[in-house]
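Trainee: for reference, the sequence and a predicted model appear below.
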Amino acid sequence: MERAAGVSAAAPVRHAGGCHCGRVRFEVDAAADLELLECNCSMCARSAFLHLIVSRDCFRLLSGEADLADYRFGTGAARHLFCRHCGVKSFYVPRSHPDGYSVNARCLDPGTVRSMTIRPFDGRDWERARKNLGPV
């Protein structure tokens, strides 16, 4: 199975993270050296989201499910999940990988990330750029 962006051949590390107010907390298993996508679409550019795309089994919501608000636009396929208290989107279900999650690497707690490599992604031309993304 091909690995998602952010998951290397190295043994995964358990990263923790969450929203600004701390009500939403999660864990994600990924490499210590993260490979991230920086999308230029209207949503990601405005929120400075750095995508760590992982499969559903690598992500665990620890707390705050009832504190999440769901926002959808365009095709409605992506589930943008925001903390209804502080407004931070620390993860969401992306249109490109509906069976996984995209975690905002900027919402990870310090201490487990060794390095971040950021690759641009042309989300403004999503249909063309999508073919460059692998499966989760």
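Mentor: Structure received. Just so you know, these numbers come straight off a predicted model, no measurement behind them. Numbering: from 1, shown residues only.
Trainee: can you give me the strands for the protein?
Mentor: Using DSSP state E, the strands of the chain run over residues 13-18, 25-30, 33-39, 50-55, 59-63, 68-71, 79-83, 91-93, 100-104, 115-121.
Trainee: buried residues in the longest helix belonging to the chain, which are they?
Mentor: Using DSSP state H, we find that the single longest helix of the chain is helix 42-47. Within helix 42-47, the residues that qualify as buried are Met43, Cys44, Ser47, counting by 16 or more other C-beta atoms under 10 Å. Heads up, the C-betas are built off the backbone N, CA and C, glycines and all.
Trainee: do the same with stretch 58-72
Mentor: For stretch 58-72, a neighbour-count test (16+ other C-beta under 10 Å) marks Cys58, Phe59, Gly64, Asp67, Leu68 as buried.
Trainee: coming back round to it: using PDB, list the CA coordinates for the longest helix of the chain.
Mentor: Coordinates of each C-alpha in helix 42-47 appear next as PDB, following Å, rounded to 0.1, in the frame of the first residue of the first chain:
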ATOM      1  CA  SER A  42      -9.100  29.900  -1.000                       C
ATOM      2  CA  MET A  43      -9.500  28.000   2.300                       C
ATOM      3  CA  CYS A  44      -6.000  26.800   3.000                       C
ATOM      4  CA  ALA A  45      -4.200  30.000   2.000                       C
ATOM      5  CA  ARG A  46      -6.400  32.100   4.400                       C
ATOM      6  CA  SER A  47      -5.900  29.700   7.300                       C
END
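Trainee: picking up where we left off before, okay, the strands of the chain in TSV with distance to Arg128 and mean pLDDT next?
Mentor: Formatted as TSV, the strands of the chain follow (distance: least, C-beta to C-beta, whole Å; pLDDT from 0 to 100):
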stretch	distance to Arg128	mean pLDDT
strand 13-18	31	98
strand 25-30	27	98
strand 33-39	13	94
strand 50-55	18	95
strand 59-63	28	98
strand 68-71	25	95
strand 79-83	22	94
strand 91-93	22	95
strand 100-104	19	96
strand 115-121	11	94
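Trainee: now render these as CSV, adding distance to Arg130.
Mentor: Below are these laid out as CSV (distance: least, C-beta to C-beta, whole Å):
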stretch, distance to Arg130
strand 13-18, 26
strand 25-30, 21
strand 33-39, 11
strand 50-55, 12
strand 59-63, 21
strand 68-71, 21
strand 79-83, 17
strand 91-93, 15
strand 100-104, 13
strand 115-121, 9
